[in-house]
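In: Quick one, fold the following:
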Amino acid sequence: MLASIQFLRFVAALMVTVYHAQSAASKVGGSFPQWFLDLAWIGAAGVPVFFAISGLVMRFSSAREFGNPGAPAAFIARRALRIYPVYWFVALLFLAFPPLYLVGWPEDALRVAPALLLLPGYAAGIITPGWTLAYELYFYAVFALLLWLPAVTAVAALTIFFLASVAASTVLAGVNPFLGLATNPQLLIFLSGVLFAHWILRDAGAAGGALSRALARVPAVIPFAIAILGFAVAPIPHHQGVPPTLTLGLPSIMLVVAAALAEAQGRVPRFVRTWAWLGDSSYALYLVHTLVIWHAASWLGPHGGNFPAGVLRVVALVIVSLAAGFAVHYVFERPLMGWLRRRRRSRSVSRQ
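Out: Here you go, the predicted model:
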């Protein structure tokens with residue numbers, strides 16, 4: 001994967017971890033000044049960053065699969081193997097060592113089963129950030145169904161479908177959890193990643209090639225500056241009731257655009273390339289951090305309103321979460337993914 005995008009995956013997971021660490025530190029006792037709460041709240045932007053990255057990466061990684069009748073099934077199989085095994089492993093950790101909000105879950109199989117399948121309305125039941133995986137899986141399903149079309153037609157169809165779905169949200173969003181997901185404006189963040197990869201970083205054909213080449217020359221520092229400014233002012237409209245899809249979604253898209261442009265232009269900072277390997281453990285960190293945070297927060301206890309002590313607790317929660325993420329990645333996720341890749345290669349060779 002592109003070094004800039006891989007590093008950004010780690011940054012996104014770290015942002016979400018900080019957000020939940022501050023939330024847990026507040027709930028077990030003590031308080032923080034509003035400016036610190038706003039700063040930690042920006043960490044929730046890790047989710048739209050992940051969504052935009054997903055759209056961009058899926059368009060890139062599937063570039064040679066468009067128009068192939070067998071591509072949809074193969075795509076779904078790959079993505080399911082990437083999402084579910086690690087999720088199930090961490091979910092079992094949650095059920096074996098449940099934090100306070102999961103007490104009683106092992107006996108409630110009727111809710112555990114759909115949560116393990118990441119079904120809409122249940123996906124957050126075991127692992128709180130699991131709700132985002134339901135969105136990921138829905139995006140994968142729609143994207144896969146369009147792979148049998150040529151790339152330009154598929155991207156156009158995806159754009160029309162998602163725009164129409166979001167337009168229908170006022171009517172359909174409250175009918176059931178699935179329609180609430182399928183019409184949510186956050187789907188447009190996935191779409192933004194797909195469109196950027198398709199129209200800007202790749203040749204979009206005669207109709208869009210000139211625009212693609214022109215935009216590809218935009219210095220990456222411009223969308224990066226827009227992203228930072230957007231995050232800095234995001235708490236203001238947030239307190240006025242503007243939805244996070246706008247307040248955090250737009251600067252998140254700009255951050256992904258900046259990373260991709262830097263990569264395309266060969267201007268990725270050295271430290272980003274050096275530390276890109278941290279992104280390998282981002283999925284494990286994203287899944288396991290709330291389990292670690294809630295247990296560790298209860299052990300640390302309240303900080304009594306002392307701001308420096310509260311910050312130290314947040315830092316401690318983030319550090320133990322990082323350690324747990326690395327452990328899950330290197331002990332379980334990495335060996336499993338390596339084994340699955342070897343099996344796929346051996347099956348491919350045996351069929352030839």
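
In: just how off-centre is the strand or helix carrying Leu188 within its chain?
Out: Here Leu188 sits within helix 187-199, counting by DSSP states H and E. Its chain's C-alpha centre and that of helix 187-199 lie 14 Å apart, by CA atoms, centre = their mean, to the nearest Å.

In: ok, and for the helix or strand harbouring Ala77, which residues are buried?
Out: Per DSSP H and E, Ala77 falls inside helix 71-96. For helix 71-96, burial by neighbour count (16 or more other CB atoms under 10 Å) applies to 71-72, 75-76, 78-79, 81-84, 86-87, 89-91, 93-94. (Glycine included, C-beta is placed from N, CA and C.)

In: Check which helices and strands the helix holding Leu188 sits against.
Out: Packing partners of helix 187-199 (3 or more CB pairs under 8 Å, 6 or more residues apart in numbering; DSSP states H and E): helix 46-61, helix 130-145, helix 151-167, helix 205-216, helix 249-264.

In: Include mean pLDDT, distance to Val318 and mean neighbour count when you put those helices into a markdown table, please.
Out: Listed next are these as a markdown table, based on pLDDT from 0 to 100; distance: least, CB to CB, whole Å; neighbours: other CB atoms under 10 Å:
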| stretch | mean pLDDT | distance to Val318 | mean neighbour count |
| --- | --- | --- | --- |
| helix 46-61 | 96 | 13 | 24 |
| helix 130-145 | 97 | 19 | 20 |
| helix 151-167 | 95 | 34 | 16 |
| helix 205-216 | 56 | 36 | 12 |
| helix 249-264 | 94 | 20 | 24 |
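
In: closest one to Leu300 among these?
Out: Evaluated with CB to CB, the helices and strands packed on helix 187-199 place helix 46-61 nearest to Leu300, the distance being 23.0 Å.

In: For His239, grab the count of nearby residues.
Out: His239 has 12 neighbours, counted by other CB atoms under 10 Å.

In: wait, isn't Ile53 in contact with Leu255?
Out: No - applying CB atoms under 8 Å, one finds Ile53 not in contact with Leu255, separated by 9.6 Å.

In: The helix holding Ala77: what's the following helix or strand?
Out: Assigned by DSSP H and E, the successor of helix 71-96 is helix 109-116.

In: and the gap between the spatially closest residue to Arg217 that is not a sequence neighbour and Ala327?
Out: Closest residue to Arg217 apart from its sequence neighbours, by CB to CB, 6 or more residues apart in numbering: Gln265 at 7.8 Å. The gap separating Gln265 from Ala327 is 36 Å, by CB to CB, to the nearest Å.

In: ok, back up a step: need the overlap of contacts for Ile53 and Leu255.
Out: Leu8 (CB atoms under 8 Å, 6 or more residues apart in numbering).

In: Find the nearest non-adjacent residue to the residue nearest in space to the middle of the chain, please.
Out: Centroid-nearest residue in the chain, with CA atoms, centre = their mean: Phe50, separated by 2.8 Å. Nearest residue to Phe50, sequence neighbours excluded (CB to CB, 6+ apart): Ala12, at 5.1 Å.

In: For that neighbour, pull up the helix or strand it's in.
Out: helix 3-27.

In: could you give the angle of that helix to helix 130-145?
Out: In terms of direction (axes from the mean of the first three to the mean of the last three CA atoms, to 10 degrees), helix 3-27 departs from helix 130-145 by 150 degrees.

In: chain center to helix 3-27, what's the gap?
Out: 11 Å.

In: May I see the buried residues of that helix?
Out: For helix 3-27, by 16+ other CB under 10 Å, it's 3-26.

In: do stretch 271-283 as well
Out: Across stretch 271-283, burial judged by 16+ other CB under 10 Å covers Val272, Ala276, Leu278, Gly279, Asp280, Ser281, Ser282, Tyr283.

In: can I get these in JSON lines with pLDDT?
Out: Converted to JSON lines, the buried residues of stretch 271-283 look like this (pLDDT from 0 to 100):
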{"residue": "Val272", "pLDDT": "95"}
{"residue": "Ala276", "pLDDT": "96"}
{"residue": "Leu278", "pLDDT": "96"}
{"residue": "Gly279", "pLDDT": "96"}
{"residue": "Asp280", "pLDDT": "96"}
{"residue": "Ser281", "pLDDT": "97"}
{"residue": "Ser282", "pLDDT": "97"}
{"residue": "Tyr283", "pLDDT": "98"}
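
In: who's in contact with Tyr87?
Out: By CB under 8 Å, 6+ apart, the contact list for Tyr87 reads Leu118, Ile127, Gly130, Leu133, Leu287.

In: would CSV of these with distance to Phe66 be doable?
Out: As requested, those are arranged in CSV below (distance: CB to CB, whole Å):
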residue, distance to Phe66
Leu118, 26
Ile127, 33
Gly130, 30
Leu133, 25
Leu287, 31
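
In: now the helix holding Leu188: mean pLDDT?
Out: Helix 187-199 carries an average pLDDT of 93.

In: re earlier: give me the helices and strands touching the helix holding Ala12, please.
Out: Looks like helix 3-27 contacts helix 34-41, helix 46-61, helix 249-264, helix 270-274, helix 282-300, helix 307-328 (3+ CB pairs under 8 Å, 6+ apart).

In: how about these, which one is nearest Phe139?
Out: helix 46-61 (6.5 Å).

In: Show me what that closest one is packed up against.
Out: helix 3-27, helix 130-145, helix 187-199, helix 249-264.

In: Count the neighbours of the residue lying closest to Phe32 once chain neighbours are set aside for me.
Out: Spatial nearest neighbour of Phe32, excluding adjacent residues (CB to CB, 6+ apart): Gly310 at 5.6 Å. If you count neighbours by other CB under 10 Å, Gly310 ends up with 22.
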